[in-house]
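> Got a predicted model here, sequence first, then my questions.
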Amino acid sequence: MNGLHLIADLHDCRCAPGFLLDAAQLEVFCVDACSRHGLTVVGRLFHAFRDAADQPAGVTGTVVLAESHLAVHTWPEIGSVTLDVYVCNFSGDNSGRAHALFADVVAAFQPARLETKEVARGHLSS
C-alpha cells in the first residue's frame, strides 16, 4: 500500500479553451503523458459532459495504471481543473515518475493559480 498521492486544484487555466472540453484530445494527452513518464497504462475512460442546452460542459477522465491512476476533471465555465495522480511504490519507487507526470499535466493547463497537496499513502504506524 505504500504510495504517493498528488492532488491539485488548477485555477484560471490559460490553455486553449478546447482543451477543457475535448475528451478525445485530453485522453490522448493524458495517456501519452503517462507512458512518456514510464507508467504502465492498463485502461482509460474519458467522458465529455453537455449542459442543458446540449453545449460542451467539461470532461472527466481517468487513466488506470498498473501503478494506480491519473484522474482529471475540467470545469471550463470557471477555467479550472482538478487533478489526481496516485502511484503505488510496492515493487519500486514511482515517486519521481508521479512528480514528473503531475508537473507535465499541470503545465499543459497553464493555471494562473495552483493549489497542491502531497499525501504519503499506506504507511502503517507502529
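Looks like it arrived, so ask away.
> I'd assumed residue 11 was in contact with residue 114.
Yes. With contact defined as C-beta atoms under 8 Å, residue 114 reaches residue 11; the gap is 7.2 Å. From N, CA and C alone the C-beta is placed, and that goes for glycine too.
> May I have the residues that are in contact with residue 18?
By C-beta atoms under 8 Å, 6 or more residues apart in numbering, residue 18 lies in contact with residue 25.
> Quick check: the gap between residue 102 and residue 6.
Noted for residue 102: a distance of 5 Å to residue 6, by C-beta to C-beta, to the nearest Å.
> quick one: contacts for residue 4?
Neighbours of residue 4 in contact, by C-beta under 8 Å, 6+ apart: 86, 87, 89, 94, 95, 98, 118, 119, 120, 121.
> Okay, and the beta partners of it?
residue 87, residue 120 (DSSP bridges).
> Tally up the residues packed near the closest residue in space to residue 65 that isn't next to it in sequence, please.
Among residues not flanking residue 65 along the chain, residue 39 sits closest, at 4.9 Å (C-beta to C-beta, 6 or more residues apart in numbering). By the criterion of other C-beta atoms under 10 Å, residue 39 has 23 neighbours.
> which element is residue 39 on?
For residue 39, there is no host helix or strand (DSSP states H and E).
> how much space between it and residue 112?
The value you get for residue 39 to residue 112, if C-beta to C-beta is used, is 28 Å.
> How about residue 89?
Counting by C-beta to C-beta - residue 89 and residue 112 are separated by 32 Å.
> neighbour-wise, which of those two wins?
Between residue 89 and residue 112, counted using other C-beta under 10 Å, residue 89 has the larger neighbour count: 18 against 10.
> For the more buried one, what are phi and psi?
Residue 89 has phi and psi values of phi -120, psi 30 when expressed as degrees, to the nearest 10.
> check contacts around it.
2, 3, 4, 95.
> ok, now with 6 Å
Residues near residue 89 by C-beta atoms under 6 Å, 6 or more residues apart in numbering: 2, 3.
> ok so residue 101 is a helix residue?
Yes. According to DSSP: H, G, I helix; E, B strand; the rest coil, residue 101 belongs to a helix.
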